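A.B. asks: Make a model of this:
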Amino acid sequence: MSKTRRNRPGLEEKRVLRGASRFYAVQALFQMEASDVPIGTILTEFEAHRIGAETETEHWAEADRTHFRRLIETAVERQAKIDQMTDRALVAKWPIERIDPTLRALFRAAGAEMVGTQSPPRVIVSQFVEIAHAFFPEGREPGFVNAVLDHMAREARPDAF
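C.D. replies: Okay, here's the model as predicted:
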């Protein structure tokens, strides 16, 4: 009798799915803030019409939907704590309210992962710096993101450093 294996994603596929969930989380948090749409509506829209969706002209990557949902829910539930961590990492003259809304969404998604999961902080920082490169390919923002997230990670999870 032969054993059949379930089709489980390998480590590389899991990494890719998690990366996509982080990218979608930044987009969803940005959209929530820009449009003042409730969390439930945003989650439904992304899960039904973006994550893994295909049209004649577009293909949206699949993502780890559980991780996506966890990031969004944690970012909303713990926004005050995450924003305070971000503020402490920023120069005093630049409170989070003055930061570009895309960066604000990125800091909230990354902060949610730092306080709401067991993902290694260095991985979180690295992954969100990559996302910053996607949103700001020619700018200095990825370096800024790296510095702010490093500070946030050391505050959120000092035992990891």
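
A.B. asks: and the one helix or strand residue 82 maps to, which residues are buried?
C.D. replies: Element membership of residue 82, judged by DSSP states H and E, is helix 79-89. Of all the residues in helix 79-89, those buried under the rule 16 or more other C-beta atoms under 10 Å are 82-83, 85-86, 89. Quick note: C-beta positions are derived from backbone N, CA and C, even for glycine.

A.B. asks: can you put these in JSON lines and add distance to residue 146?
C.D. replies: Below are the buried residues of helix 79-89 laid out as JSON lines (distance: C-beta to C-beta, whole Å):
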{"residue": "82", "distance to residue 146": "17"}
{"residue": "83", "distance to residue 146": "19"}
{"residue": "85", "distance to residue 146": "16"}
{"residue": "86", "distance to residue 146": "14"}
{"residue": "89", "distance to residue 146": "11"}
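
A.B. asks: what's the neighbour count on residue 68?
C.D. replies: 25 (other C-beta atoms under 10 Å).

A.B. asks: tell me the contacts of it?
C.D. replies: 21, 24-25, 28, 46-47, 51 (C-beta atoms under 8 Å, 6 or more residues apart in numbering).

A.B. asks: Residue 43 now?
C.D. replies: Taking C-beta under 8 Å, 6+ apart, one finds 28, 69, 72 in contact with residue 43.

A.B. asks: cutoff 10 Å now
C.D. replies: Residues near residue 43 by C-beta atoms under 10 Å, 6 or more residues apart in numbering: 28, 32, 65, 68-69, 72-73, 76.

A.B. asks: Make a PyMOL selection of whichever of these turn out to be buried.
C.D. replies: Here is the PyMOL selection string for the buried members of these, based on 16+ other C-beta under 10 Å:
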select buried, resi 28+32+65+68+69+72+76
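
A.B. asks: Can you list which of the contacts of residue 43 are found in strands?
C.D. replies: Of the contacts of residue 43, none are assigned to strands by DSSP state E.

A.B. asks: Downstream of the biggest helix by length in the chain, the next helix or strand is which one?
C.D. replies: In the chain, assigned by DSSP state H, the helix with the most residues is helix 11-35. On the C-terminal side of helix 11-35, the closest following helix or strand by DSSP H and E is helix 39-49.

A.B. asks: Taking helix 11-35 as reference, get the angle to that next one.
C.D. replies: 130 degrees (axes from the mean of the first three to the mean of the last three C-alpha atoms, to 10 degrees).
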